[in-house]
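**Student:** A predicted structure for the sequence below; I have some questions about it.
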Amino acid sequence: MNAVGILLAAGRGRRFDPQGRRNKLLQLLPTGEPVVVASARNLLSTLPRVIAVVPPQDGGVADALRALGCEVTLCANADSGMAASLVQAIRHSLPQADAWLVALGDMPYVAASTLRALLDALEEGADIAAPVFEGRRGNPVAFGAVHLEALLALQGEHGARALLKSAPVVEVAVNDPGILRDIDTPADL
């Protein structure tokens, strides 16, 4: 299996700052690290290849991610929804990749052990693996090659949500509240 990490970092963060003056991905966590850097570092700790998707005028997100060692790809139509970013990353990963661990740039608290458990589930035969903490499903989600065509056909705001509802998902129990914790408002920092 040749799994690639995908970091979706092209959202506008309108709930964080409706005026769009502050990019939530560049806000500092209590550790002093920007949100997106912590999220990328987690993925890079588990996967040698991470593709980060950024929008035009990202305010410095691409530079920060390149400095860490991520491959950065620009999604010109990022505002059309999360699916556009995901499709952009999948296309960028081909032909080498045959599995994808899709993480969100605003989820810096996911444990490396969770990422490994999701990849292990794919290696053991799952086509889609999602983490579950205390009965609640979270992110990131891992997809196997059998879903390549469906992933490339995604459209709209909800990314792969429809695929997760229509295909069998192996739920991986984890002791990781980070799978449910994203940065949506300044209070979440």
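**Tutor:** The structure has been received and is ready for your questions.

**Student:** In this protein, what helix or strand scores lowest on average pLDDT?
**Tutor:** Across the helices and strands of the chain, mean pLDDT, DSSP states H and E gives its lowest value to helix 161-166, namely a mean of 84.

**Student:** any idea which helix or strand comes after it?
**Tutor:** With elements assigned by DSSP states H and E, the helix or strand that comes after helix 161-166 is strand 170-173.

**Student:** Of all the residues in that next one, which ones are buried?
**Tutor:** V170, V172 (16 or more other CB atoms under 10 Å). To be clear about C-beta, it is placed using only N, CA and C from the backbone, and glycine gets the same treatment.

**Student:** Provide the strand pairings for it, with the direction of each partner.
**Tutor:** Sheet pairing of strand 170-173 (DSSP bridges) gives strand 128-133 (parallel).

**Student:** now the helix or strand following the strand it pairs with: mean pLDDT?
**Tutor:** Going down the chain from strand 128-133, the next helix or strand is strand 136-137, by DSSP H and E. Averaging pLDDT along strand 136-137 gives 96.

**Student:** which helices and strands sit right next to strand 136-137?
**Tutor:** Judged by 3 or more CB pairs under 8 Å, 6 or more residues apart in numbering; DSSP states H and E, strand 136-137 is in contact with no other helix or strand.

**Student:** Could you tell me how many residues sit around the closest residue to G59 other than its chain neighbours?
**Tutor:** Leaving aside its chain neighbours, G59 sits nearest to N23 (4.5 Å; criterion: CB to CB, 6 or more residues apart in numbering). For N23, the neighbour count with other CB atoms under 10 Å is 22.

**Student:** Ok, the one 5 residues further on next?
**Tutor:** The local packing count at L28 equals 12, with neighbours defined by other CB under 10 Å.

**Student:** Having no further points to raise, I will conclude here.
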